[in-house]
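Trainee: model the following, please.
(one chain, ligands or ions: 1)
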Amino acid sequence: MRKSFYQFMKEKSIRYYTECEDIGQDFFTSPELDSIFGYAIGEWILKLIGDYRNPAILELGAGRGTLAYDILSFLKTNHPSFFERVRYFIYDFSPKLRERQRQTLKVFEDKVDWVDELPSFSGLVLSNEFFDCFPVRLIKDGKELYLEDGKEVWLPVEDERVKEYINRLNLKDSSVVYEVCLDCVEFLQKLSKNLKEGYILTVDYGYLQQPFGGTVMGYKGHRIVKNLYSEEVFDITASVNFRALMEYGKDFGLDVIFFKNQRDFLLLSEVFKRELKNLTERQEPGNIERLSRIKTMLISMGERFKVLLQRKCSA
Ligand SMILES: C[S@@+](CC[C@H](N)C(=O)[O-])C[C@H]1O[C@@H](n2cnc3c(N)ncnc32)[C@H](O)[C@@H]1O
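Mentor: Below is the predicted model of the structure:
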């Protein structure tokens, strides 16, 4: 039996998130490291859509619901009138994680709606480690990777959309295996169609120029899975091609406001800097651990993770 690598990766990812009851056992994400991450995002949200009349936030792939909880807590405490006006939507296909999110967000149950289809609204679309979950096609020198009876075979690319992507992003080095994420582009198009006016804030690990060795990875128990083709259930991801999101975004009416690494993004936040200063100055138990987690957010993850802010102007 033959299937494309893309189909294989898609099935693997769906299986992982269908069975997944929690994300912490396989990998850490920034919102899980410290609430300071969500507070900084909350501050950005206020800056960007604070004056909208009926604002909404749509979070894609909400994991345990921690980021939503921290953002809503920050807004409720510091900006109660905005908190009163805002609605929070969550789009996530994992049944068990949705349940987990409902538990985390119990105190905000009147504020949050879970949606199966993308809603139409004005406001801000937010995601942390969402686009990296989409499957990619592996393309080398005009050929696409398939798996046939346990073996890798390369067959000529037939899909015109893949050919267009390769040309558009100038992926012409015949020795490189390029990762083509049409699902990322198509999802961005849907988002833009549904967003009447507002912003798309995407945080993820990714690049402008794909690293030579490729980026598809499997994670299980905080380790890299050596054999991607094993029958095990594990998280499979590919770093996000931010150049593609920016380039195709233009077609969908999305202007780039900024693209920077996570460290620079967080250090632009007054709340983040204030919390960090307080933690450093106050000698309280637990502060050293918090500081060490925040250091991870700023240093190793701070470089690897990127933040893209795009704006959709009203038609
Ligand atoms: C890597 S986790 C990140 C969770 C959270 N944003 C965080 O930072 O902790 C990916 C999340 O996206 C969801 N997800 C992955 N692929 C998806 C898809 N195609 N459609 C909807 N949700 C998806 C998963 O269920 C999970 O909640």
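Trainee: what does the stretch 101-250 of the chain have sitting close to the ligand?
Mentor: Within the stretch 101-250 of the chain, the positions near the ligand by CB under 6 Å from any ligand atom are 128-130, 133. Heads up, the C-betas are built off the backbone N, CA and C, glycines and all.
Trainee: could you export the residues you listed as CSV, including secondary structure, pLDDT and distance to Leu279?
Mentor: Listed next are these as CSV, based on DSSP: H, G, I helix; E, B strand; the rest coil; pLDDT from 0 to 100; distance: CB to CB, whole Å:
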residue, secondary structure, pLDDT, distance to Leu279
Asn128, strand, 98, 22
Glu129, coil, 97, 24
Phe130, coil, 98, 28
Cys133, helix, 97, 32
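Trainee: most neighbours, which of those?
Mentor: Compared across those, Asn128 has the highest neighbour count, 27 neighbours, by other CB atoms under 10 Å.
Trainee: apart from its neighbours in sequence, what residue is nearest that one?
Mentor: Excluding the flanking residues, the one nearest Asn128 by CB to CB, 6 or more residues apart in numbering is Val203, at 4.5 Å.
Trainee: and for Thr215?
Mentor: Ser239 (3.8 Å).
Trainee: and the helices in the stretch 51-200 of the chain?
Mentor: 66-78, 80-85, 95-104, 160-168, 182-194 (DSSP state H, counting those that start in this stretch).
Trainee: off-centre distance for the shortest one?
Mentor: Using CA atoms, centre = their mean, to the nearest Å, the mean C-alpha position of helix 80-85 is found 26 Å from that of the whole chain.
Trainee: what sits against the closest residue to the ligand within the chain?
Mentor: Nearest to the ligand in the chain, going by CB to the nearest ligand atom, is Gly61, at a distance of 2.2 Å. Counting by CB atoms under 8 Å, 6 or more residues apart in numbering, Gly61 touches 91-92, 127-130, 133.
Trainee: please repeat the previous calculation with a cut-off of 6 Å.
Mentor: 92, 127, 130 (CB atoms under 6 Å, 6 or more residues apart in numbering).
Trainee: excluding chain neighbours, what is closest to the last one?
Mentor: Spatial nearest neighbour of Phe130, chain neighbours left out: Gly61 (3.7 Å); criterion: CB to CB, 6+ apart.
Trainee: pull up the distance across stretch 151-170, start to finish.
Mentor: Counting by CA to CA, to the nearest Å, you get 29 Å between the two ends of stretch 151-170.
Trainee: quick one: average pLDDT of it?
Mentor: Stretch 151-170 shows a mean pLDDT of 96.
Trainee: quick check: buried residues in that stretch?
Mentor: For stretch 151-170, a neighbour-count test (16 or more other CB atoms under 10 Å) marks 157, 162, 165-166, 169 as buried.
Trainee: strand partners (parallel or antiparallel) of the lowest-mean-pLDDT helix or strand in the chain?
Mentor: Taking mean pLDDT, DSSP states H and E as the measure, the helix or strand of the chain with the lowest value is strand 223-224, at a mean of 89. Take DSSP bridges as the rule and strand 223-224 pairs in its sheet with strand 217-220 (antiparallel).
Trainee: buried residues of the strand it pairs with, list them for me.
Mentor: 217-218, 220.
Trainee: could I get the residues you listed as a markdown table with pLDDT?
Mentor: Listed next are those as a markdown table, based on pLDDT from 0 to 100:
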| residue | pLDDT |
| --- | --- |
| Met217 | 93 |
| Gly218 | 93 |
| Lys220 | 89 |
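Trainee: sorry, back to before: make a markdown table from the buried residues of stretch 151-170 and add distance to Ile49 to it.
Mentor: What follows is these, written out as a markdown table (distance: CB to CB, whole Å):
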| residue | distance to Ile49 |
| --- | --- |
| Val157 | 41 |
| Val162 | 36 |
| Tyr165 | 31 |
| Ile166 | 36 |
| Leu169 | 31 |
